[in-house]
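K.L.:
Here you go, sequence then predicted model.
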Amino acid sequence: IWLMAITLIFFVITAFAGIEKEIPLNEVPDVVLKAAQKAVPGMVFVAGGIFQMGSNRGDSDEEPVHTVKVSSYYMDKTEVTQAEYRKVMGKNPSNFSGCDDCPVESVNWHDATVYAKKVGKRLPTEAEWEYAARGGNKSKGYTYSGSNTIGSVAWYNGNSSSKTHPVAQKQPNELGLYDMSGNVWEWCSDWYDEGYYSHSPQTDPQGPNSGSTPVLRGGGWYNYVSLCRVANRRRSLPGLRDDDRGFRLVLSQD
């Protein structure tokens, strides 16, 4: 009750102060943001905000760096695990099977989409994925999700012993999300377009209306460090299954 009261007082004061411009989320008291959230098991609330998407120090499809505004949403704290997938789908397609807490892999884009519908969630957009990987409105500007030292946050070719690992064993990023860099690539909802950044909408971009290859993000257990950067973009045929590809889901805020 007291959280609701504080929220009401904050916005009443704002109104009487004659503030007409939008208040940046990083200037809104944490107690107000938390009061607007609901608890969703296994998910992290990602408060919307504005960020610079892309990179001038990566591949050409990461350019130009551009301003994007993302609405609030919830994101799975970890990649969907083998146990979670088997519970919903009745099977475990993973090559590295026998590890319930490891991310499910060898799932294609269609598999991930079907799973998402069954549990009432969806795949993240590419913008939502990158915003969350960067730490949202708590971002410290790291190269990888949660650190500039990849071994602290990711399983990649330098430490993975050529296999996936149980989720949430490495350090989380600023939002409390695990394995956004490394372990397995994560499917996004967008179709890939190499030049999309030059003309994408500024608010909640959804990707091109059509395409042949969906976006993958985050890098995997066998990749070099450069592919695990938060800005790196990759693509794949939607029907292709491989043991370096998995997913995590998001839920739109009510």
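P.N.:
Yep, it's here.
K.L.:
pLDDT weak spots in the chain?
P.N.:
Confidence mapping of the chain against pLDDT under 70 gives the ranges 1-37.
K.L.:
where exactly do the strands run in it?
P.N.:
43-46, 49-53, 66-70, 73-76, 185-191, 214-217, 234-235, 245-246, 250-252 (DSSP state E).
K.L.:
Tell me the helices and strands packed up against the longest one.
P.N.:
Right, the one you point to is strand 185-191. If contacts are counted by 3 or more C-beta pairs under 8 Å, 6 or more residues apart in numbering; DSSP states H and E, strand 185-191 sits against helix 126-133, strand 214-217, strand 245-246. All C-beta spots, glycine's among them, are computed from the backbone N, C-alpha and C.
K.L.:
Okay, angle between that strand and helix 126-133 too, please.
P.N.:
140 degrees (axes from the mean of the first three to the mean of the last three C-alpha atoms, to 10 degrees).
K.L.:
Put the alpha carbons of strand 185-191 into PDB.
P.N.:
Extracted C-alpha coordinates of strand 185-191, given in PDB (Å, rounded to 0.1, in the frame of the first residue of the first chain):
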ATOM      1  CA  TRP A 185      23.000 -18.200 -29.800                       C
ATOM      2  CA  GLU A 186      19.500 -16.900 -29.100                       C
ATOM      3  CA  TRP A 187      16.800 -16.600 -31.800                       C
ATOM      4  CA  CYS A 188      15.000 -13.200 -32.200                       C
ATOM      5  CA  SER A 189      11.700 -12.500 -33.800                       C
ATOM      6  CA  ASP A 190      13.100 -10.200 -36.500                       C
ATOM      7  CA  TRP A 191      13.900 -11.000 -40.100                       C
END
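K.L.:
which residues are in contact with it?
P.N.:
Residues outside strand 185-191 that contact it (C-beta atoms under 8 Å, 6 or more residues apart in numbering): 79, 107, 109, 112, 122-126, 129, 180, 205-220, 234, 236, 244-248.
K.L.:
again, 7 Å this time
P.N.:
Here strand 185-191 makes contact (C-beta atoms under 7 Å, 6 or more residues apart in numbering) with 79, 109, 112, 122-126, 129, 206-208, 210-211, 214-220, 234, 244-248.
K.L.:
between the helices and strands packed on strand 185-191, which one is nearest to Pro201?
P.N.:
Pro201 lies closest to helix 126-133 among the helices and strands packed on strand 185-191, at 9.3 Å (C-beta to C-beta).
K.L.:
other SSEs contacting the closest one?
P.N.:
Secondary structure elements in contact with helix 126-133, counted by 3 or more C-beta pairs under 7 Å, 6 or more residues apart in numbering; DSSP states H and E, are strand 49-53, strand 66-70, strand 185-191, strand 214-217.
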